[in-house]
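**Student:** Attaching a predicted model along with its sequence, questions to come.
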Amino acid sequence: MNLKSFSRLLVVGEKKVFGEIAEIVKIANEANQILTRMLKEPQLESLLPENLKMAEVEKRADDVAFRVRHDITDGAVNPTVLDNLLECVEVADGMVDKYHYLARELTRIARAKSDENSNRIAIADSAFLSMLELADYSAAKLLELLAESDMNRIREKRREIEELEEKGDEIKDDSFDELYRMAPSMHYLYFAHYSDVLYAMDDVLDANEDLADLVVTIITSISR
C-alpha cells in the first residue's frame, strides 16, 4: 500500500482524531519530563511544585480526551472503527493518568521518610529513569506511527515499540530481583513503594504498545 492511496482511505474526521490522539501522546511526553526531574531531585521542596505541574498536565490531557471522544461519537468517523478509536483515547489518557499517579507517589514517599530511611535506593531510581527513557523513545516512535501513511513503515514502528517494551520488561524483572534481595533489610513501606512504581512504569510502556496495536488494527480495518 503506497502513501497516497492510504491517505485517501482516511476521512477528515479520522485524520482529526489521529491528530488529537497524538496531542495526548505529546502531553504524556511532558509528563515524562516532569517525572524525570522529580526522580533526579527527590527532595520534598522540589517535588511539590513539579507535582502541581503534573496535575495541570493531567487536566490538559483530560480536556483533549473529552473533546476527541465527542469528535468520535459525533459521527465523523467510520462506524466500524469507532470502538477502537474510543479505546485509543482511553489508553492515551490513561497513560497521562499513570504519570500523575507516579508523581503523587513520589511526593507521598518523600513526606513519609523517616530518619533511618532517609535515602532513596539508587539502583531502583536508576531503573526508573531507564524505564522513563524507554517510554520517551517509545512515545516518539508512536508519534511517528500516528503520522505515518505507509503500512509497511507503520508495522516497522510497531515492532520498534514492542522491542522497547521488552527492554522495559527486562529492567523491571531485574529490578524486582534486586528489590526482593534487599527486602529483609527494608521497611515494608519502601518495598511497597518501589514495587508500585515499577509496575506503574511498566504500565506506561505497555500503554504505548497497546496504542500502537490499536492504531494498526484501525488502519487495517479501514484499508479492507
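**Tutor:** Received, thanks.

**Student:** Give me the neighbour count for residue 138.
**Tutor:** 28 (other CB atoms under 10 Å). The way it works is simple: take the backbone N, C-alpha and C, and place the C-beta from them, glycine included.

**Student:** gap between the one helix or strand it maps to and the chain center?
**Tutor:** Element membership for residue 138 (DSSP states H and E) is helix 122-147. Put simply, helix 122-147 sits 8 Å off its chain's centre (CA atoms, centre = their mean, to the nearest Å).

**Student:** From the contact counts, what lies against that helix?
**Tutor:** helix 12-40, helix 151-182, helix 188-223 (3 or more CB pairs under 8 Å, 6 or more residues apart in numbering; DSSP states H and E).

**Student:** Pull out the buried residues from the second one.
**Tutor:** What that stands for is helix 151-182. Using 16 or more other CB atoms under 10 Å as the test for burial, helix 151-182 gives 151, 154-155, 157-158, 160-162, 164-165, 167-168, 171-172, 175, 179.

**Student:** try the last one
**Tutor:** Buried residues in helix 188-223, defined by neighbour count with 16+ other CB under 10 Å: 190, 193-195, 197-198, 200-216, 218-219, 222.

**Student:** which stretches of this protein have low pLDDT?
**Tutor:** Within the chain, the ranges that satisfy pLDDT under 70 run 1-12, 113-120, 224.

**Student:** one more time with 50
**Tutor:** Within the chain, the ranges that satisfy pLDDT under 50 run 1-6, 115-118.

**Student:** neighbouring contacts of stretch 160-168?
**Tutor:** With CB atoms under 8 Å, 6 or more residues apart in numbering as the contact definition, stretch 160-168 has outside contacts at 131, 134-135, 137-138, 141-142, 145, 201-202, 205-206, 208-209, 212.

**Student:** Out of those, flag the one nearest to residue 84.
**Tutor:** residue 212 (12.4 Å; CB to CB).

**Student:** right, and the closest one touches residue 145 too?
**Tutor:** Yes - applying CB atoms under 8 Å, one finds residue 212 in contact with residue 145, separated by 5.8 Å.

**Student:** tell me which element residue 50 falls in.
**Tutor:** Assigned by DSSP H and E, residue 50 falls within helix 44-73.

**Student:** Now do the helix or strand following that helix and helix 188-223, the angle between them.
**Tutor:** Sequence order places helix 82-112 as the next helix or strand after helix 44-73, per DSSP H and E. Helix 82-112 and helix 188-223 are oriented at 160 degrees to each other (axes from the mean of the first three to the mean of the last three CA atoms, to 10 degrees).
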